[in-house]
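Novice: model this:
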Amino acid sequence: MAKEKIILTGDRPTGRLHIGHYVGSLRRRVELQDSGLFDRIFIMIADAQALTDNADNPEKVRQNIIEVALDYLSVGLDPEKSNLFIQSQISELTELTFFYNNLVTVQRLQRNPTVKAEMAQRGFNDDASADNKAGIPVGFFCYPISQAADITAFNATVVPVGEDQEPMIEQTREIVRKFNSTYAPVLVEPEILLPDNASCLRLPGTDGKAKMSKSLGNCIYLSDDSETVRQKVRGMYTDPGHLQVSDPGKVEGNTVFTYLDAFCKPEHFEKYASCFVGKKVSFEFHSLEEVKAQYRAGGLGDVMVKNFLYEVLEDTLRPIRERRAKYEKDIPYVYEVLRKGTEAARAVASRTLANVKRAMKINYFEPGILDELIREQSEKYAL
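Specialist: Numbering: from 1, shown residues only. From the prediction side, this is the model:
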């Protein structure tokens, strides 16, 4: 019998999702969901993981669960095809994490590049002084182990993530190999699935910073209204040397063109041709490469390119926004989706945990095992 093809992925509920999430993961999830190539798809709202660096603000996490769920549904994730669930409501994940803790050293966690980068981003450090207020929370430091529990609990064979998460998936594979060789081969070793569009590996913020981040205020959210999107596009970072329209411009490192690489489709050039028609100049473009060539040569202003980008983004965001408005009027349905999804996910995680305990020989009260233990120990002490 062929091994099932199973996906596990998800997001931390620390705020509304933005277009960086969309091009980096959400769009691909919908494609994978609708491909028919996978037997099961689990999509997790990772609230327990979010608490590792938001422990003092649980209400923020609680309120953002519905925001993430609304974004999931609005981009086209279908509860009939994808299993949407809340991480903290599956206690089996905590147990698995506890058992996996014994298979990973502190030194190995310290070498994880993703952990290093995210500690630096949050201002955590490893100063052991008693008055250190920015030390590393143990839960945050160990979250690669928790992530391994999430992945293995659902026997995921594929994990779609960005390239920055590759070290995390490798750590999961190490844990799987260590567990299977130490106890019994009961865990599935996952493969990583990276975005297939190079421009989507890491979408920069509107200010040109390397990462789109809620904390930096450089995001375009999936739920932003049309006028907000327009204003954010107008303020986007371009080429600082492109001072006059006639100046040659740089495409590389130009945020507007990075976004066009991620969102632009061939049909947009006919659909929004009017964006490139002005009082003094008019262009007829049929491809993004033609736009880039003209920008590099000079004569094409940032305003025209930004207007075109706005229309391209709206082409994607308008239907998402409309679906979100529909789901916002039926919040009970959204929570019912999460409740049912969590119940189904817990049933799978429970079976995995049972297999793990069986492999570790800590299944003392399992039917048949208890009788065998009683017989064995009774004979031992009868001697």
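Novice: contacts, neighbours, all on C-alpha from now
Specialist: Noted.
Novice: any residues touching the helix or strand harbouring residue 59, and which ones?
Specialist: Taking DSSP states H and E as the definition, residue 59 sits inside helix 58-75. Applying C-alpha atoms under 8 Å, 6 or more residues apart in numbering, the external contacts of helix 58-75 come out as 11, 13-17, 26-27, 30, 45, 47, 50-51, 54, 222-223, 320-324, 327-328, 334-335, 338.
Novice: Can you flag the buried ones in those residues?
Specialist: Buried members of the contacts of helix 58-75, scored by 16 or more other C-alpha atoms under 10 Å, are 11, 13-17, 26-27, 30, 45, 47, 50-51, 54, 222-223, 320-321, 323-324, 327, 334-335, 338.
Novice: Can you flag which of those residues belong to strands?
Specialist: Within the buried ones among the contacts of helix 58-75, residues falling in strands by DSSP state E are 11, 45.
Novice: Local confidence estimate at the nearest residue to residue 318 once chain neighbours are set aside?
Specialist: Spatial nearest neighbour of residue 318, chain neighbours left out: residue 226 (7.9 Å); criterion: C-alpha to C-alpha, 6 or more residues apart in numbering. Residue 226 is assigned a pLDDT of 97 by the prediction.
Novice: if we can go back for a sec, where helices are concerned, which of the contacts of helix 58-75 count?
Specialist: 27, 30, 47, 50, 320-324, 327-328, 334-335, 338 (DSSP state H).
Novice: Out of those, give me the two with the largest separation.
Specialist: In terms of C-alpha to C-alpha, the ones in helices among the contacts of helix 58-75 reach their longest pairwise distance at 50 and 322, which sit 28.1 Å apart.
Novice: need the contact list for the most centrally placed residue in the chain.
Specialist: Centroid-nearest residue in the chain, with C-alpha atoms, centre = their mean: residue 11, separated by 4.5 Å. Applying C-alpha under 8 Å, 6+ apart, we find residue 11 in contact with 44-46, 68.
Novice: and of the residues you listed, the nearest to residue 190?
Specialist: Nearest to residue 190 among these, with distances taken as C-alpha to C-alpha, is residue 44, at 16.3 Å.
Novice: does the closest one have beta-bridge partners, and which?
Specialist: Beta-bridge pairing of residue 44 under DSSP bridges involves residue 10, residue 85.
Novice: quick one: residue 107 from residue 53, how far?
Specialist: Distance, residue 107 to residue 53, using C-alpha to C-alpha, to the nearest Å: 21 Å.
Novice: Domain ranges for this structure, per the record?
Specialist: What the record gives for the chain is the domain set 6-202+331-372, 226-326, from automatic domain parsing.
Novice: so which of those gets nearest residue 381?
Specialist: Residue 381 lies closest to domain 6-202+331-372 among the domains of the chain, at 14.3 Å (C-alpha to C-alpha).
Novice: mean confidence score for the closest one?
Specialist: Domain 6-202+331-372 comes out at a mean pLDDT of 91.
Novice: quick one on the thing from earlier: now distance to residue 372 too, for the ones in helices among the contacts of helix 58-75, in TSV please.
Specialist: Output for the ones in helices among the contacts of helix 58-75, formatted as TSV (distance: C-alpha to C-alpha, whole Å):
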residue	distance to residue 372
27	52
30	49
47	41
50	43
320	58
321	60
322	61
323	57
324	56
327	54
328	55
334	47
335	44
338	41
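Novice: nearest to residue 203, of those?
Specialist: residue 27 (13.4 Å).
Novice: list the contacts for the closest one?
Specialist: residue 75.
Novice: Report the mean confidence score over stretch 264-282.
Specialist: Stretch 264-282 shows an average pLDDT of 93 in the prediction.
Novice: which residues touch it?
Specialist: 283-288, 304-305, 307-309, 311-312.
Novice: Can you show me the CA trace of that stretch as PDB?
Specialist: Provided in PDB are the C-alpha atoms of stretch 264-282 (Å, rounded to 0.1, in the frame of the first residue of the first chain):
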ATOM      1  CA  CYS A 264       1.700  40.200 -12.400                       C
ATOM      2  CA  LYS A 265       0.100  38.000 -15.000                       C
ATOM      3  CA  PRO A 266       0.100  38.300 -18.900                       C
ATOM      4  CA  GLU A 267      -3.500  39.300 -19.000                       C
ATOM      5  CA  HIS A 268      -2.900  42.400 -16.800                       C
ATOM      6  CA  PHE A 269      -1.200  44.300 -19.700                       C
ATOM      7  CA  GLU A 270      -4.300  44.400 -21.800                       C
ATOM      8  CA  LYS A 271      -6.600  44.800 -18.800                       C
ATOM      9  CA  TYR A 272      -4.800  47.800 -17.300                       C
ATOM     10  CA  ALA A 273      -3.100  49.200 -20.400                       C
ATOM     11  CA  SER A 274      -4.500  52.700 -19.400                       C
ATOM     12  CA  CYS A 275      -2.000  52.900 -16.600                       C
ATOM     13  CA  PHE A 276       0.800  53.500 -19.100                       C
ATOM     14  CA  VAL A 277      -1.000  56.300 -20.900                       C
ATOM     15  CA  GLY A 278      -0.300  59.900 -19.800                       C
ATOM     16  CA  LYS A 279      -0.600  63.500 -21.100                       C
ATOM     17  CA  LYS A 280       3.000  63.600 -22.500                       C
ATOM     18  CA  VAL A 281       3.800  59.900 -23.000                       C
ATOM     19  CA  SER A 282       2.100  56.600 -23.900                       C
END
